[in-house]
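Colleague: Starting from these lines, generate the structure:
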Amino acid sequence: MTPMVGGATARQLINHCGSVEAIFRDKPHHLSRIPGIGPKIISSLKNNQHLLQQAYEEIDRCHRQGITILGYEHPQYPERLRHIYDIPLVLYYKGKADLNHQRVISIVGTRQATSYGLDAVEKIVATLAKYDVLIISGLAYGIDIQAHRMAMRYGLPTVAVMANGIDQIYPAVHQKDAWSFVEKGGLLTENPLGTKPEAKKFPARNRIIAGLADAVVVVEAASKGGALITADLANDYDREVFAVPGSIHHQYSRGCNQLIRQHKAHLLSQGEDIITMLNWDLEKDINYLTNQPKIFAPPEELNEDEQKVYKVLTQHPDGLLLDKISWCTQLSISQLAAVLLNLEFKQYVRARPGNRYQLRTV
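Modeller: Here you go, the predicted structure:
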């Protein structure tokens, strides 16, 4: 709520001061020692002390409405989202789906969906259903609402990511759908209660749709628009991107065809393509999924950095995302990539889909 304090600045302040309350209590000359914190930001903090009370009131309103507030250090904050460079500082969530679901796919596309696009979405979701996938989309007309509805039809959880407050469902015609998601899926936004769906907020919403998922699927898109923004963001975040090809004569196939032509997306002809690309079809044959896995004893040959990674992974039998391992070990991504490669060569670690790594078992 504080003017001039965006997400990156807020994280910088919290990391140095320890808590939000401490930021407002701290003296100006202490704050000035924090890199990137200048007189204007300090003045804004000191002139807006009342916002701390407003924040408490916002928390209370959310609690009364069954809305969970997830700060970026909250244990339920989506792990896939935590380490993107433009991470949302705070998320508002109402629902029961696990935002750290094992498999997450985002489906986006045009609001002007054709029968071809709607049918493609249904077939893709029907194929994914056997893999217990969490479906993410943006609640918009066309492809988005079809993705949500097909998830519900095939018994999958679905989460709508919105560019407005949870109490301001947009478009209003989808209110009934949105509230039906809450029992098995959910509603998610970075915007506080009362926020209207302004146009400038939708590109920011799209980064959450991209960052939450293992892969983004684009079904029908014009040569410009939100779906292509989401695909570009997914590529930036090192997510897999798939696009359903369409007729060269149809304007809402141009975006998908363009993504494929520019090698920004895999050509998607059927849901099985996603399963094959992400190696989901192999998981049933891998022995680490047995009920009582036995982890290799720590080998003496590992160097200090390899020991760090090994110890972190022993605490997470289901594996961890690359960014999370980096966070836990305080190794840079480039350092960590070299360490993990060595551990793979030595047969102590295996790479999993979506930049997830796991200790081998016997």
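Colleague: what comes up buried for the helix or strand harbouring N235?
Modeller: Element membership for N235 (DSSP states H and E) is helix 226-236. With burial defined by 16 or more other C-beta atoms under 10 Å, the residues of helix 226-236 counted as buried are 226-235. From N, CA and C alone the C-beta is placed, and that goes for glycine too.
Colleague: Then stretch 204-222?
Modeller: The neighbour-count check on stretch 204-222 (16+ other C-beta under 10 Å) flags 205-222 as buried.
Colleague: In JSON lines: the buried residues of helix 226-236, plus distance to V173.
Modeller: Converted to JSON lines, the buried residues of helix 226-236 look like this (distance: C-beta to C-beta, whole Å):
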{"residue": "G226", "distance to V173": "18"}
{"residue": "A227", "distance to V173": "20"}
{"residue": "L228", "distance to V173": "25"}
{"residue": "I229", "distance to V173": "24"}
{"residue": "T230", "distance to V173": "22"}
{"residue": "A231", "distance to V173": "26"}
{"residue": "D232", "distance to V173": "29"}
{"residue": "L233", "distance to V173": "27"}
{"residue": "A234", "distance to V173": "28"}
{"residue": "N235", "distance to V173": "32"}
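Colleague: Which member of those is positioned nearest E198?
Modeller: For the buried residues of helix 226-236, the closest approach to E198 (C-beta to C-beta) belongs to G226, at 13.9 Å.
Colleague: what about that closest one, distance to L99?
Modeller: 21 Å (C-beta to C-beta, to the nearest Å).
Colleague: Also D238?
Modeller: D238 sits 19 Å away from L99, going by C-beta to C-beta.
Colleague: who's more crowded, the two?
Modeller: L99 (21 against 11; other C-beta atoms under 10 Å).
Colleague: hang on, isn't that one packed against L212?
Modeller: Yes. Shown here, L99 and L212 form a contact pair, counting by C-beta atoms under 8 Å, at 7.0 Å.
Colleague: Now the common contact residues for these two.
Modeller: Residues touching both L99 and L212 by C-beta atoms under 8 Å, 6 or more residues apart in numbering: 78, 81, 159.
Colleague: before we move on, the earlier item: can you tell me which of the buried residues of helix 226-236 is nearest A120?
Modeller: A227 (13.5 Å).
Colleague: Show me what counts as buried in the helix-or-strand element of the chain with minimal mean pLDDT.
Modeller: One helix or strand of the chain scores below all others by mean pLDDT, DSSP states H and E: helix 322-329, with a mean of 83. If you call a residue buried by 16+ other C-beta under 10 Å, then helix 322-329 has these buried ones: 322-326, 328-329.
Colleague: which helices and strands sit right next to it?
Modeller: In terms of contacts (3 or more C-beta pairs under 8 Å, 6 or more residues apart in numbering; DSSP states H and E), helix 322-329 is packed against helix 79-82, helix 304-314, helix 333-345, strand 356-359.
Colleague: 7 Å - rerun?
Modeller: Counting contacts by 3 or more C-beta pairs under 7 Å, 6 or more residues apart in numbering; DSSP states H and E, helix 322-329 packs against helix 304-314, helix 333-345.
Colleague: Reformat the ones you listed as a markdown table; add mean neighbour count and distance to Y357.
Modeller: Output for the helices and strands packed on helix 322-329, formatted as a markdown table (neighbours: other C-beta atoms under 10 Å; distance: least, C-beta to C-beta, whole Å):
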| stretch | mean neighbour count | distance to Y357 |
| --- | --- | --- |
| helix 304-314 | 17 | 7 |
| helix 333-345 | 15 | 6 |
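Colleague: Including distance to Q146 and mean pLDDT, could those go into CSV?
Modeller: Formatted as CSV, these follow (distance: least, C-beta to C-beta, whole Å; pLDDT from 0 to 100):
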stretch, distance to Q146, mean pLDDT
helix 304-314, 39, 88
helix 333-345, 36, 89
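Colleague: got those as JSON lines, with distance to Q112 columns?
Modeller: Below are those laid out as JSON lines (distance: least, C-beta to C-beta, whole Å):
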{"stretch": "helix 304-314", "distance to Q112": "46"}
{"stretch": "helix 333-345", "distance to Q112": "39"}
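Colleague: Tell me the one of the buried residues of helix 226-236 nearest Y116?
Modeller: A227 (15.3 Å).
Colleague: Might one say that the closest one is in contact with V219?
Modeller: No. Contact criterion C-beta atoms under 7 Å: A227 and V219 do not qualify, at 8.3 Å.
Colleague: what touches both of those two?
Modeller: G109 (C-beta atoms under 7 Å, 6 or more residues apart in numbering).
Colleague: Among the buried residues of helix 226-236, which one sits closest to H29?
Modeller: For the buried residues of helix 226-236, the nearest to H29 is L233 (39.3 Å; C-beta to C-beta).
Colleague: The closest one - nearest residue in space that isn't next to it in sequence?
Modeller: Among residues not flanking L233 along the chain, A210 sits closest, at 4.0 Å (C-beta to C-beta, 6 or more residues apart in numbering).
Colleague: Checking my notes, that neighbour in a helix, right?
Modeller: Yes. Assignment of A210 by DSSP: H, G, I helix; E, B strand; the rest coil places it within a helix.
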